[in-house]
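[1] generate coordinates for the sequence data below:
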Amino acid sequence: MATLDIPDLSSYQTFVHGFPQDAFIQLREHAPVWWHEPTERTPDGEGFWCVSTHELVLEVFRNPKVYSSHTGGNRPFGGTTINDMEMSGKLLNMMDDPRHQRIRQLVSKGFTPKMIGRIRDDLVNRAHHILDSVAPEPGNRGACDLVIDVAAELPLQAICMLLGVPNDDRRMLCEWVDITSETFTMEEMPDAPSDASINMFLYGQRLIQERTDNPGDDLLSVVIHGELPDQVPPRLDSDEVAMFWALLFTAGSETTRKAIAGGLWELVKSPDQMARLSADRSLMGTAIEEIVRWTTPSVYKRRTATVDTTLGDQAIGAGEKVVVWEMSANRDGAVFDDPFEFRIDRSPNNHMGFGHGPHFCLGANLARLEIDVMLNAILDRWFDIEIVGDATWTRTNRLSGLKTLPIEFSDRAEQPGATG
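    So this is what the prediction gives:
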């Protein structure tokens with residue numbers, strides 16, 4: 001057995017400069033199912049299994065009866081983060097079928113390709129307004145933070161529109177989401193909720209009450225007033241609605257901005273790929289899938305074994321935590337040729353950036369559209385994009401990605417003689 005040099009994967013400190021790819025190269029080769037002993041930073045003070053290869057991650061995702069998103073064994077609650085969450089079983093991504101599927105059906109109609117396609121023109125207009133907001137004076141170069149000023153904006157505005165949230169509240173909510181997301185994956189959960197999580201909860205309560213009294217055509221109204229067949233009670237209770245609101249806003253605003261920012265960053269670092277995509281937009285579809293593979297904003301998912309089982313060559317006990325690392329699966333050389341090479345024409349591309357199985361990302365169609373629209377707008381207008389400062393990363397091992405990235409650029413729309 002090779003001697004492995006694996007850092008503490010339960011600590012966000014390991015991820016402050018991005019995903020520790022070197023550690024997972026070792027795990028995929030020598031220990032694809034590896035027991036992570038608890039450290040002083042490990043949540044709940046107990047170890048967990050790390051699953052790193054594409055084949056075995058897929059096996060876990062395909063067997064939800066054995067690997068639960070809720071709990072297993074004698075564990076009172078579990079969830080999809082390394083630390084146990086009391087909200088497991090109530091939050092959509094921490095449920096198992098059949099209840100998970102019934103609740104998912106309440107909102108799935110709002111995320112079909114047909115429904116998402118209806119908002120494309122609106123998103124295109126919004127994307128150009130976003131670029132207008134950071135446009136330089138004519139003849140000058142522009143400067144902004146790629147993540148905060150550009151990549152975050154379109155997903156934020158889109159999820160606000162879909163949930164019926166006033167657009168002016170988006171930045172405030174985004175800040176609360178960032179703080180709350182980092183809190184969820186801290187090694188030691190705080191004794192009391194942060195001001196951000198309290199504010200997010202109270203805001204959600206007010207919005208839910210408004211939609212309860214005066215329903216609209218937004219997704220939140222659908223969830224509040226929709227009925228579940230063969231369920232008693234037939235509607236979600238107040239706690240479930242509140243958790244749905246928080247989950248959908250967070251997922252809709254946070255993960256896609258990291259894909260947009262990380263994808264454009266990689267294109268800037270690969271000017272041949274940037275030039276090729278700019279010249280041939282028919283490559284956008286495969287480019288989007290490669291961006292999702294490359295960035296994998298949702299780095300891992302945790303499951304809990306419901307029975308004693310075997311994964312790879314390891315015996316796993318009922319109730320033990322099983323953590324599948326999608327980012328590692330998306331760099332598996334057994335599935336992807338030259339997995340550490342960014343290729344906008346990669347095909348096939350069987351990535352797990354949107355997960356797999358019953359919990360496949362509900363907003364995948366929306367995410368693809370947002371990446372498509374934002375990248376097309378940038379390619380239409382920007383050139384000579386330059387990274388002018390150090391990137392910073394989110395302080396979490398769960399939803400890893402760029403937090404800030406200062407850039408400069410030239411804008412065709414603001415060049416002397418340019419016409420609208």
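
[2] which residues does stretch 109-129 contact?
    153-154, 157-158, 161-162, 219, 222, 362-366, 369-370, 373-374, 376-377, 381 (CB atoms under 8 Å, 6 or more residues apart in numbering). Heads up, the C-betas are built off the backbone N, CA and C, glycines and all.

[3] redo that, cut-off 7 Å
    Contacts of stretch 109-129 with the rest of the structure, by CB atoms under 7 Å, 6 or more residues apart in numbering, involve 154, 157-158, 162, 219, 222, 362-363, 365-366, 369-370, 373-374, 377.

[4] which of the residues you listed fall within strands?
    Per DSSP state E, strands hold no members of the contacts of stretch 109-129.

[5] how close does the closest residue in space to Ser88 that isn't next to it in sequence get to Gly89?
    The shortest distance from Ser88 to any non-neighbouring residue, by CB to CB, 6 or more residues apart in numbering, is to Gly79 (3.7 Å). According to CB to CB, to the nearest Å, Gly79 and Gly89 sit 8 Å apart.

[6] looking at those two, which is more packed in?
    Gly79 (28 against 20; other CB atoms under 10 Å).

[7] doesn't Glu86 make contact with the more buried one?
    No. Taking contacts as CB atoms under 7 Å, Gly79 lies outside contact range of Glu86: 8.5 Å.

[8] need the pLDDT of the residue nearest to Ser88.
    pLDDT for Gly79: 97.

[9] now name the helix or strand holding it.
    Per DSSP states H and E: Gly79 is located in neither a helix nor a strand.

[10] what residues does it make contact with?
    Met85, Met87, Ser88, Met94, Arg302.

[11] number of residues surrounding the first one?
    Summarising burial for Met85: neighbours were counted as other CB under 10 Å, giving 21.

[12] give me the nearest residue to it, chain neighbours excluded.
    Gly79 (3.7 Å).

[13] which one's the longest helix in this protein?
    In the chain, with assignment by DSSP state H, the single longest helix is helix 238-269.

[14] what's the model's confidence in it, averaged?
    Here the average pLDDT along helix 238-269 is 90.

[15] what's the answer for stretch 162-177, then?
    84.

[16] could you do stretch 58-75 as well?
    For stretch 58-75, the per-residue pLDDT averages 97.

[17] would you mark the buried spots in that stretch?
    For stretch 58-75, the neighbour count (16 or more other CB atoms under 10 Å) marks 58-61, 64, 66-72, 75 as buried.

[18] which of those residues fall in helices?
    Those of these lying in helices (DSSP H): Leu58, Glu59, Val60, Phe61.

[19] just curious, which of these is nearest to Asn397?
    Val60 (17.9 Å; CB to CB).

[20] I figured the closest one was touching Val324, is that so?
    Yes. Using CB under 7 Å, Val60 is in contact with Val324, at 5.0 Å.

[21] ok, the closest residue to Gly312 other than its chain neighbours - contacts?
    Distance criterion CB to CB, 6+ apart; nearest residue to Gly312, sequence neighbours excluded, is Val33 at 4.0 Å. Contacts for Val33 (CB under 7 Å, 6+ apart) come out as Trp49, Val51, Leu56, Leu311, Gly312, Gln314.

[22] please repeat the previous calculation with a cut-off of 8 Å.
    Contacts of Val33 (CB under 8 Å, 6+ apart): Trp49, Cys50, Val51, Ser52, Leu56, Leu311, Gly312, Asp313, Gln314, Ile316.

[23] ok, those residues vs Gly139, which is closest?
    Using CB to CB, those come closest to Gly139 at Ser52, 50.9 Å.

[24] contact partners for that closest one?
    Phe24, Leu27, Arg28, Ala31, Pro32, Val33, Trp34, Trp325, Ser328, Ala329, Asp332.

[25] so what's the residue count around the residue lying closest to Ser270 once chain neighbours are set aside?
    Spatial nearest neighbour of Ser270, chain neighbours left out: Phe342 (5.6 Å); criterion: CB to CB, 6+ apart. Per other CB under 10 Å, the neighbour tally for Phe342 reads 17.

[26] sec struct for Phe342, please.
    coil (DSSP: H, G, I helix; E, B strand; the rest coil).

[27] can you give me the angle the helix or strand bottoming out on mean pLDDT in the chain makes with helix 238-269?
    Counting by mean pLDDT, DSSP states H and E, the weakest-scoring helix or strand in the chain turns out to be helix 170-184, with a mean of 74. On the basis of axes from the mean of the first three to the mean of the last three CA atoms, to 10 degrees, helix 170-184 is oriented at 100 degrees to helix 238-269.

[28] which residues does Ala158 contact?
    Contacts of Ala158 (CB under 8 Å, 6+ apart): Ile119, Leu123, Arg126, Gly252, Leu366, Glu370.

[29] reformat those as TSV; add neighbour count and distance to Cys174.
    TSV is the format used below for the contacts of Ala158 (neighbours: other CB atoms under 10 Å; distance: CB to CB, whole Å):
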residue	neighbour count	distance to Cys174
Ile119	17	20
Leu123	22	17
Arg126	22	15
Gly252	24	11
Leu366	23	17
Glu370	28	15
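
[30] out of these, which one sits closest to Ala261?
    Glu370 (12.0 Å).

[31] which residues touch His215?
    If you look again at residue 215, you'll see it is Pro, not His. By CB under 8 Å, 6+ apart, the neighbours of Pro215 are Ser221, Ile224, His225.

[32] make that Phe48, sorry
    Ser10, Trp35, His36, Thr42, Ile82, Arg302, Glu320, Lys321, Val322, Val323.

[33] how much space between the residue lying closest to it once chain neighbours are set aside and Val60?
    Spatial nearest neighbour of Phe48, excluding adjacent residues (CB to CB, 6+ apart): Lys321 at 3.7 Å. Using CB to CB, we find Lys321 at a distance of 12 Å from Val60.
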